[in-house]
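Enquirer: okay, sequence plus prediction incoming.
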Amino acid sequence: MRKPVGWAAILVLVAGVWVLEANPASAAPAPSSSRLPPHASGLAADSAPLSWGYVELKSTAGPKYDFNGATSSPGSTASALDARLPSFPIDNSFQVDLRLPAGQSISPGVTYTPSVQPAVNTGLGQNLTDLCAPTVHVDQYVVNGSGAVTAYAVSFQCTTTSGIPGTWSGTMAYNIVPSTPHQGYYLYRQNGALAGFGNDHYLTYLGDLSSNGLGHPIVGMAPTSDSAGYWMVASDGGVFNFGHAVFYGSMGGKPLNEPIVGMAPTPDGMGYWLVASDGGVFAFGDATFLGSMGGSPLNRPIVGMARSAAGGYWLVASDGGIFAFGGATFFGSTGAMRLNRPVVGMATTSDGMGYWMVASDGGVFTFGNATFHGSTGALTLQEPITGMDPLVDDSGYWLAASDGGVFSFDAPFFGSLGGQGSTDVAGVAS
């Protein structure tokens, strides 16, 4: 069975500094070639300097080397996010830290090299800046009306050939609550990589699974209701959780008749459902099993599911057949229609009184109070559409293709992975 990937944190006192320690979450480094654009709110960059205090990284023994980070600033509460140093030797106790002197500050959009600081004399570790001169890039920040920094995210890396050789890189973020939820979207790939566009890219700072060498592809991803965490699910039913998302169980390591094809969280985020291609439904946490198509004859396989705001859930098949359970209402389907291309996913309106379906050619079908905003059904696509996601107010939606191309319909376009060589983008979520 897959182990959950998430945070279970405690505060400990190290050398007079409060440090937030957490269970490790595997994540990809933040390479310098993929710096995020500065994200500002309220004031100009030079009027709201940024500062932080203590950052601790620890290695763990095993084939993968995971490192936990914690950030803090004077008068503020630390928040834990992932930091990964990929070229690190096997070591069960080594720790490093990155510091700024009291009062020193940096501005958003700036890359700088902090001065070397004395090693913390705890007998447990040594300073990152003793080994190399890391470059620290301020990716984004948010300020309030008084000019105080309320959220920020930074990435850092350094390369050393002395002491412990290798390229060290990581990410840090301050303020556990996303600054601009639902104002952008995320593309997730079958290898577990996550790419953020628009908003504050917050979930990308929680880490992803791209360095884990997964045995089964990722087939679904769902953010928490507060946009402060997310789940991923693989085709074997393994569930991985990040940030505020809690692990409630999985089908990883258990026998399945058919592979898992999607997931949906409960409204309060304290549970989730998984669905397999034969229509079997598996409930975890406070998710209630309300029925399934497992064991029933299907004309075409199930390709996804969606939660109804009215209670219950829908399953959708590749021919557009819809199966409603619990409080979910059946508003129609394309099950009896001849389609140019198979349906690959669905999305629901915010009040649960309608839904969209999307086919691999980007054709969009609406039912109930779901509004048609456009499609790519009449276009020639480089790669097939793999998923869709609506705006939070139902006023538009995005479609995503397997090469990471994003198509916006009455929704803002924030960017894509199109043309960057991706071929395994599994879907889009916000």
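Expert: Yep, that arrived.
Enquirer: how near is the residue nearest to Gly215 when sequence neighbours are not counted to Gly363?
Expert: Nearest residue to Gly215, sequence neighbours excluded (CB to CB, 6 or more residues apart in numbering): Asp236, at 7.2 Å. In this view, the C-beta of every residue, glycine as well, is placed from N, C-alpha and C. In this view, Asp236 and Gly363 are 30 Å apart by CB to CB, to the nearest Å.
Enquirer: could you do Ser277 as well?
Expert: Counting by CB to CB, the gap from Ser277 to Gly363 is 21 Å.
Enquirer: also Val261?
Expert: Counting by CB to CB - Val261 and Gly363 are separated by 20 Å.
Enquirer: which of those two has more neighbours?
Expert: Val261 (25 against 20; other CB atoms under 10 Å).
Enquirer: distance of that one from Thr204?
Expert: 25 Å.
Enquirer: before we move on, what about Ile385?
Expert: Counting by CB to CB - Ile385 and Thr204 are separated by 23 Å.
Enquirer: more crowded one of these two?
Expert: Ile385 (28 against 24).
Enquirer: contacting residues for the more buried one?
Expert: 344, 358-362, 376, 399-402, 407 (CB atoms under 8 Å, 6 or more residues apart in numbering).
Enquirer: got these as JSON lines, with distance to Arg300 columns?
Expert: Shown next, in JSON lines, are the contacts of Ile385 (distance: CB to CB, whole Å):
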{"residue": "Val344", "distance to Arg300": "12"}
{"residue": "Val358", "distance to Arg300": "15"}
{"residue": "Ala359", "distance to Arg300": "12"}
{"residue": "Ser360", "distance to Arg300": "13"}
{"residue": "Asp361", "distance to Arg300": "16"}
{"residue": "Gly362", "distance to Arg300": "19"}
{"residue": "Thr376", "distance to Arg300": "22"}
{"residue": "Leu399", "distance to Arg300": "21"}
{"residue": "Ala400", "distance to Arg300": "22"}
{"residue": "Ala401", "distance to Arg300": "21"}
{"residue": "Ser402", "distance to Arg300": "20"}
{"residue": "Phe407", "distance to Arg300": "25"}
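Enquirer: ranking those by neighbours, who comes first?
Expert: Neighbour max across those (other CB under 10 Å) = Ala400, 30 neighbours.
Enquirer: ok, and the closest non-adjacent residue to that one?
Expert: Per CB to CB, 6+ apart, closest to Ala400 is Val428, 3.7 Å.
Enquirer: show me what the one you found is bridged to.
Expert: Val428 forms beta bridges with Leu187, as assigned by DSSP bridges.
Enquirer: any idea how many residues pack against it?
Expert: Neighbours of Val428 (other CB under 10 Å): 27.
Enquirer: read off the pLDDT value for it.
Expert: Predicted confidence (pLDDT) for Val428: 98.
Enquirer: from now on call the first residue 8
Expert: With the count now opening at 8, the last piece we talked about shows up as Val435.
Enquirer: so who does it touch?
Expert: Residues near Val435 by CB under 8 Å, 6+ apart: 192-195, 394-396, 405-407, 413.
Enquirer: next one: Asp275
Expert: 232, 293 are the contacts of Asp275 under CB under 8 Å, 6+ apart.
Enquirer: mind checking how far it is from Leu263?
Expert: Distance of Asp275 to Leu263, computed by CB to CB: 27 Å.
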